[in-house]
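Undergrad: Mind looking at a prediction? Sequence and model below.
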Amino acid sequence: MAAPLNQAAWLVEADCPLKVDVAPLPTAGSGELVVRNAAIAINPLDWHMRDAGVFIQQWPAILGCEVACEVHTIDLVSGRPQDGAFALYTAIPADKAAILPDAISFIDGVVIPFALEAAVCALSPKERGSVMPGISTPALGLPYPSLEGPASSLGKTLVVYGGSSSVGSMTTQLAAAAGINVISVTGTHNIELSKRCGATQVFDYKDPSVIEKVVDAVRKSGFEFVGIFDAISIPETYVHDFAILAKLGGGHLACTHPPPPAADVPANVEAGMIFAVNDIVTPVWREYVTPALETRRLQRLPPHTVVGKGLEQIQDALKRSKAGVSATKLVLVL
Ligand SMILES: NC(=O)c1ccc[n+]([C@@H]2O[C@H](COP(=O)([O-])OP(=O)(O)OC[C@H]3O[C@@H](n4cnc5c(N)ncnc54)[C@H](OP(=O)(O)O)[C@@H]3O)[C@@H](O)[C@H]2O)c1
């Protein structure tokens, strides 16, 4: 039987439109699967990488970090495959994959992977590592989500800033499933969504009293304050983070982008940036994702928005992602 034709959306150089063209069919290295992608998702990281060429090790490049797919081949012998998601076929590490229950469609399931990886990297590392010179990863040291429900309280409160984003929604879900009391901050129209993710209280980031309200809610929880996971990590959110941390006596500040320079971070704040690929997530992939999806303990939130069909549509989808979304993950069907 002839080998199937692979195609990918290639990035030939930074800040250029993607070009759909033929691509080699990936071969699986040790511990990898080659998969036929059914749905791919667009993440802000994709347009950051396209615009600036960051994190790209080999040109031309295939971007994209999450897929919902069918397994094509398992071959534990051959060498390095292409591993970007913006292609018909991709090689993925088997320990960063989980079986999607039959009741869940590919377009629904594809909202999970990258946010899951980021959320566990925000919550669970016990020791600080290095993302880049001068920037450490955070070490909140919180437990993995539990399949037993409802989780008993751990007596800890975490603030999730940007609770309606993909990463913020997932961090809220996993923290709540680990028994952590989550107080989140979202746009006013997304308060209900964040509560569905498990936040006990949600405040609007445009409310002029948001800092006081969050601080008051943390104090009234009566639990140990862990700190803040800031899913947005931009100058205006850092202003709020530091104001909240100052009133609560400091704590962790886990960011999705580099935190402000060390000189601007108070001594009682441990700031770090997550790096969302880490073996620490493997047990969650292996033991939690499939059963938690089956029991609906893990919800596919925020919901997807299908923005097209085919690799040719990725360029427009990146534009739409860069313009900003509210509580949704942009998804393409292949
Ligand atoms: N370091 C890493 O390893 C890593 C990994 C994954 C993602 N990231 C980064 O993390 C960030 C979030 O990614 P994502 O995919 O979760 O983003 P996303 O879902 O595209 O984020 C959209 C959400 O951002 C919220 N938002 C925008 N401005 C806000 C503000 N000032 N305060 C609070 N919420 C605000 C919006 O909330 P409302 O609609 O409610 O207003 C919206 O729901 C991106 O910058 C991404 O590049 C980093």
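TA: Sure thing, it's come through. Given the structure is predicted, the values throughout are model-derived calculations rather than measurements. Numbering: from 1, shown residues only.
Undergrad: Parallel or antiparallel, list what pairs with the biggest strand by length in the chain.
TA: Longest strand of the chain, by residue count under DSSP state E: strand 32-42. The partner list of strand 32-42 in its sheet, established with DSSP bridges, is strand 67-73 (antiparallel), strand 89-93 (antiparallel), strand 329-333 (antiparallel).
Undergrad: Tell me which helix or strand comes right after that strand.
TA: Beyond strand 32-42 in the direction of the C-terminus, DSSP states H and E gives the next helix or strand as helix 44-52.
Undergrad: Write out the residues of the stretch 151-300 of the chain neighbouring the ligand.
TA: By the criterion of Cβ under 6 Å from any ligand atom, the positions of the stretch 151-300 of the chain lying close to the ligand are 162, 164-168, 185-187, 190, 205, 231-232, 236-237, 256, 273-276. Where you see a C-beta, it was placed from the backbone N, CA and C, and this is true even at glycine.
Undergrad: Inside helices: which ones of the residues you listed?
TA: Per DSSP state H, helices hold the following members of those: 166, 167, 168, 236, 237.
Undergrad: Skipping its backbone neighbours, what lies nearest the third one in space?
TA: Going back to what we said before, that points to residue 168. residue 231 (3.6 Å; Cβ to Cβ, 6 or more residues apart in numbering).
Undergrad: wait, isn't the one you found in contact with residue 256?
TA: Yes - contact criterion Cβ atoms under 8 Å: residue 231 and residue 256 qualify, at 5.7 Å.
Undergrad: which residues do the two both contact?
TA: When contacts are counted by Cβ atoms under 8 Å, 6 or more residues apart in numbering, residue 231 and residue 256 are jointly contacted by residue 167.
Undergrad: So these two - more neighbours on which side?
TA: residue 231 (31 against 26; other Cβ atoms under 10 Å).
Undergrad: Give the residue spans of the stretch 51-200 of the chain that score low on pLDDT.
TA: Low-confidence segments of the stretch 51-200 of the chain, defined by pLDDT under 70: 73-82, 149-152.
Undergrad: picking that back up, mind checking the strands paired with strand 32-42 for the one nearest to residue 177?
TA: Using Cβ to Cβ as the measure, strand 329-333 is the one of the strands paired with strand 32-42 that comes nearest residue 177, at 19.6 Å.
Undergrad: The closest one to helix 44-52, inter-axis angle?
TA: Strand 329-333 runs at 80 degrees relative to helix 44-52, counting by axes from the mean of the first three to the mean of the last three Cα atoms, to 10 degrees.
Undergrad: wait, residue 206 sits on residue 187?
TA: Yes - the pair formed by residue 206 and residue 187 meets the contact definition of Cβ under 8 Å, at 7.2 Å.
Undergrad: Please identify which of these two sits among more neighbours.
TA: With neighbours defined as other Cβ under 10 Å, residue 206 and residue 187 compare such that residue 187 has more, 16 against 9.
Undergrad: my guess is the more buried one contacts residue 203, does it?
TA: No - with contact defined as Cβ under 8 Å, residue 187 does not reach residue 203; the gap is 10.6 Å.
Undergrad: can I get the CA coordinates of stretch 34-48 in CSV?
TA: Below are the C-alpha coordinates for stretch 34-48, written out as CSV (Å, rounded to 0.1, in the frame of the first residue of the first chain):
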residue,chain,number,x,y,z
VAL,A,34,2.5,8.9,14.5
VAL,A,35,-1.1,10.3,14.3
ARG,A,36,-3.5,11.4,11.7
ASN,A,37,-4.8,14.8,12.9
ALA,A,38,-8.6,15.3,12.9
ALA,A,39,-8.7,18.6,14.7
ILE,A,40,-6.0,21.1,15.6
ALA,A,41,-6.3,24.1,18.0
ILE,A,42,-4.8,27.6,17.7
ASN,A,43,-2.9,29.0,20.7
PRO,A,44,-1.4,32.4,21.3
LEU,A,45,2.0,30.7,21.3
ASP,A,46,1.6,29.9,17.6
TRP,A,47,1.4,33.5,16.5
HIS,A,48,4.1,34.5,18.9
